[in-house]
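Q: The sequence and its predicted three-dimensional model are supplied below.
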Amino acid sequence: MSTPMNAPKRANKPPFWALFGAGGMVSALIGPALVLITGFLVPLGLGFSPQAMDYAQVQVLMGSVLFKLALVAVIGLFLFHGMHRLYHTLHDFGLHITPAIKALCHGLAALGTLVAIVLVFSAR
């Protein structure tokens, strides 16, 4: 079966917008909580024991496959959101965005996610 000559070309935008949107949601909801807990509450001992981020505690967390998957998801979505935002910021600054720049931005996010997968799952 052949397609008509005037059929619309299939776009590759939906997967990237989905990753951007999911990354934005994770950045807005989980990012501030991560900064608050790991940057302020635990070091100051407010509401958490001082041993909450101890090496032994983190080692126990890193033993959980579910925690590793969540960590990789957060890192990957942060990367895709940030790189997609950078891509559109370059356009806003007046740079002519070529498919190569788009591929570079999304490729760096994918590469960073793969590096995160390797590092997180190789940690003991």
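A: Yep, it's here.

Q: show me where pLDDT drops low in the protein?
A: Along the chain, segments meeting pLDDT under 70 span 1-5.

Q: what's stretch 116-124 in contact with?
A: Stretch 116-124 is contacted by residues 59, 62-63, 68, 71-72, 75-76, 79 when judged by C-beta atoms under 8 Å, 6 or more residues apart in numbering. From N, CA and C alone the C-beta is placed, and that goes for glycine too.

Q: tell me, which helix in the chain spans the most residues?
A: In terms of residue count, the longest helix belonging to the chain (DSSP state H) is helix 65-92.

Q: Give the next helix or strand downstream of that one.
A: Next along the chain after helix 65-92, taking DSSP states H and E as the criterion, comes helix 99-122.

Q: buried residues in that following helix?
A: Neighbour-count burial for helix 99-122, counted by 16 or more other C-beta atoms under 10 Å, picks out 102, 105-106, 109-110, 112-113, 116-117, 120.

Q: And for stretch 62-71?
A: Buried, per 16+ other C-beta under 10 Å, within stretch 62-71: 68, 71.

Q: starting at the chain centroid, how far to that stretch?
A: 15 Å (C-alpha atoms, centre = their mean, to the nearest Å).

Q: Need the residues that contact that stretch.
A: 61, 116, 120-121, 123-124.

Q: just to confirm, which helix or strand has residue 33 in it?
A: helix 31-35.

Q: And for residue 73, nearest residue in space, chain neighbours not counted?
A: With C-beta to C-beta, 6 or more residues apart in numbering as the criterion, residue 73 has its nearest non-adjacent residue at 7.7 Å, and that residue is residue 26.

Q: dump the residue contacts of that neighbour.
A: 73-74, 77-78, 81 are the contacts of residue 26 under C-beta under 8 Å, 6+ apart.

Q: and those as a markdown table, adding neighbour count and distance to residue 98?
A: A markdown table is the format used below for those (neighbours: other C-beta atoms under 10 Å; distance: C-beta to C-beta, whole Å):
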| residue | neighbour count | distance to residue 98 |
| --- | --- | --- |
| 73 | 16 | 30 |
| 74 | 17 | 30 |
| 77 | 22 | 25 |
| 78 | 21 | 25 |
| 81 | 22 | 22 |
